[in-house]
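K.L.:
Starting from these lines, generate the structure:
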Amino acid sequence: MKRTVFGKRLVPLALVLGLVVGCASTPPQDAGDQNAEVTQAIDAARAAIAKAKALDWIWRDTEKYLKQAEDEAASPEGQKSLAIKLANKARNQAELAVNQYYLEKAKVMFNEASAMKGLNANQTNTLSDADKAIRNAEGRKAYDLLTPLMTEIRAASVQYEVVRGDSLWSISGRAETYNNPYQWPLIYKANRDQIKDADLIYPGQNFTVDRNPSAADAQAAIDHARNRGAWSIGVVEESDRDYLGGTLDLQ
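P.N.:
Residues are numbered from 1 along each chain as shown. All right, here's what the predicted structure looks like:
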């Protein structure tokens, strides 16, 4: 009877001990899994470095860290965890370099776009989003926002530098602007901050010329040019003031 009781007690005790032992032990990471993780880290580093090198924008030590990771992974005595750490460091540096490249490009485009006049609401919103991305150091995001914006702006406007002998009439008549001298009031209006008298401009001034004005704006400019009346250098004609809507700063 005692042996029977003892036997019945022994079985559950053995099961408990077995469960405890099983829970307390953690199987080591499979060597194949670790090797795969090393390979994945090194491949990711190589891909990131390739992108940075394609832009000719890579940090000095980045490839050195990748080489150390490869050597560590290839050595029979190498530490897999160290190889992964080095590969990840190389990848992070390469990705930061690529971001920096696009950030610098975005800053140049942002400054150019900010100097443009007459941006529409959508263009202004895009410029604002790009500014936020630049301040957050999101280089690629800012670049992707500004690239199509600049394509659109550059197609719609040109910058013209005044040379000796120029007049608004002659600039407006050029093929790269309006190819119509009677549209000179459009240039006058777009650059009112620089032009105090439409009959007096100076070499070296840079004017923004919107090459795609609305039909109404173009016709209003032509009507003003044809009906402006007498003019004189150094005097702001009343008709010019009316054309600008009375907003001309004469100071």
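K.L.:
hang on, residue 159 in a strand?
P.N.:
Yes: assessed by DSSP: H, G, I helix; E, B strand; the rest coil, residue 159 belongs to a strand.
K.L.:
so where's the stretch 51-200 of the chain uncertain?
P.N.:
For the stretch 51-200 of the chain, applying pLDDT under 70 flags the ranges 117-118.
K.L.:
Let me see the ranges of the helices in it.
P.N.:
Using DSSP state H, counting those that start in this stretch, the helices assigned to the stretch 51-200 of the chain run over residues 62-74, 80-114, 121-135, 139-156, 168-172, 184-190.
K.L.:
winner for burial among those?
P.N.:
Highest mean neighbour count among those (mean count of other C-beta atoms under 10 Å): helix 184-190, with a mean of 24. The way it works is simple: take the backbone N, C-alpha and C, and place the C-beta from them, glycine included.
K.L.:
Strand partners (parallel or antiparallel) of the following helix or strand past that one?
P.N.:
As assigned by DSSP states H and E, the chain's next helix or strand after helix 184-190 is strand 206-210. Sheet pairing here is set by DSSP bridges, and for strand 206-210 it gives strand 157-161 (antiparallel).
K.L.:
Name the residues of the strand it pairs with that are buried.
P.N.:
Buried residues in strand 157-161, defined by neighbour count with 16 or more other C-beta atoms under 10 Å: 157, 160.
K.L.:
ok so, going back, would CSV of the helices of the stretch 51-200 of the chain with distance to residue 34 be doable?
P.N.:
Formatted as CSV, the helices of the stretch 51-200 of the chain follow (distance: least, C-beta to C-beta, whole Å):
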stretch, distance to residue 34
helix 62-74, 10
helix 80-114, 5
helix 121-135, 38
helix 139-156, 33
helix 168-172, 70
helix 184-190, 65
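K.L.:
so which of the ones you listed comes closest to residue 50?
P.N.:
helix 80-114 (8.4 Å; C-beta to C-beta).
K.L.:
which residues does the nearest residue in space to residue 109 that is not next to it in sequence contact?
P.N.:
Spatial nearest neighbour of residue 109, excluding adjacent residues (C-beta to C-beta, 6 or more residues apart in numbering): residue 146 at 4.2 Å. Residues counted as contacts of residue 146 (C-beta atoms under 8 Å, 6 or more residues apart in numbering) are 106, 109-110, 113, 126-127, 130.
K.L.:
Of the residues you listed, which is the nearest to residue 54?
P.N.:
residue 106 (18.0 Å).
K.L.:
In contact with that closest one, which residues?
P.N.:
Residue 106 neighbours (C-beta under 8 Å, 6+ apart): 130, 133-134, 139, 142-143, 145-146.
K.L.:
ok, so of those residues, who is nearest residue 58?
P.N.:
residue 139 (14.7 Å).
K.L.:
quick one: the spatially closest residue to residue 150 that is not a sequence neighbour and residue 208, what's the gap?
P.N.:
In space, and not counting its chain neighbours, residue 150 is closest to residue 109: 5.1 Å by C-beta to C-beta, 6+ apart. Separation of residue 109 from residue 208 (C-beta to C-beta, to the nearest Å): 16 Å.
K.L.:
do the same with residue 187
P.N.:
In terms of C-beta to C-beta, residue 187 sits 8 Å off from residue 208.
K.L.:
Repeat that for residue 132.
P.N.:
Distance from residue 132 to residue 208, by C-beta to C-beta: 25 Å.
K.L.:
pretty sure residue 109 is touching residue 147, no?
P.N.:
Yes: Residue 109 lies in contact with residue 147 (C-beta atoms under 8 Å); the separation is 7.2 Å.
K.L.:
In contact with the closest residue to residue 58 other than its chain neighbours, which residues?
P.N.:
Leaving aside its chain neighbours, residue 58 sits nearest to residue 52 (4.1 Å; criterion: C-beta to C-beta, 6+ apart). By C-beta under 8 Å, 6+ apart, the residues touching residue 52 are 58-59, 62, 94-95, 97-98, 101.
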